[in-house]
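**Student:** Take this sequence and fold it.
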Amino acid sequence: MRIFNVFDATTTFDPADPEPYRAGSHRFGPKIGASRLGATVYELPPGQAVCPYHYESEEEWLLVLQGQVTLRHPDGEAVLGPGDVTAFPRGPAGAHKTTNHGTETVRMVMLANSDPIGYCVYPDSNKISFWSDSGDAADHVRVRRGENLEYYDGEI
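**Tutor:** The predicted structure follows:
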């Protein structure tokens, strides 16, 4: 049995992340032997967000460990604090963005099912991302929504 303590997680920040998306993370699902569920501890400094407003083909859960995080969702906004947990269902009803509008660092855990093939939609920027487990980088794309090719494009 593998054990991981979320309170002891050391997060890593990606220097390539732009303002205001500079969140630290520690992906620990594989460390406890998980293969169908993903889990990440996030550290969110004041003024930062984990990622843009989005919804996915995967269900996600959010558990706040420390601080106050503002959660944007389809019906507006809510402020969550330590011990609060919520779920984001698949599709547009589960759209969300987590932002630290406070003065204290936020620590939270996000859990999600890990689909080998899926999508993520970013309504504010009108993008959609697709991924697959094919191992071919060309099978992971991010495009503007509504840009559709004809079915036989490139075939004839």
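**Student:** could you measure the spatially most central residue of the chain against residue 21, distance?
**Tutor:** By CA atoms, centre = their mean, the chain has its centre lying nearest to residue 51, at 6.4 Å. From residue 51 across to residue 21, the span is 6 Å (CB to CB, to the nearest Å). Yep, even glycine has a C-beta here, placed from its N, CA and C like the rest.
**Student:** same question, residue 47
**Tutor:** For residue 47, the distance to residue 21 - CB to CB - is 11 Å.
**Student:** Output the below-cut-off pLDDT ranges for this structure.
**Tutor:** Counting by pLDDT under 70, not a single residue of the chain qualifies.
**Student:** again, only this time at 90
**Tutor:** Scanning the chain for pLDDT under 90 picks out the ranges 114-115, 147-149.
**Student:** Okay, and the beta partners of residue 113?
**Tutor:** residue 37 (DSSP bridges).
**Student:** Tell me who's in contact with the residue nearest to residue 24 when sequence neighbours are not counted.
**Tutor:** Using CB to CB, 6 or more residues apart in numbering and skipping residues adjacent in sequence, the residue nearest residue 24 is residue 11, 3.1 Å away. For residue 11, the contacting residues are 24-26, 41-43, by CB atoms under 8 Å, 6 or more residues apart in numbering.
**Student:** what helices or strands is the helix or strand containing residue 120 leaning on?
**Tutor:** Using DSSP states H and E, residue 120 maps to strand 118-122. Helices and strands touching strand 118-122, by 3 or more CB pairs under 8 Å, 6 or more residues apart in numbering; DSSP states H and E, are strand 55-56, strand 127-131.
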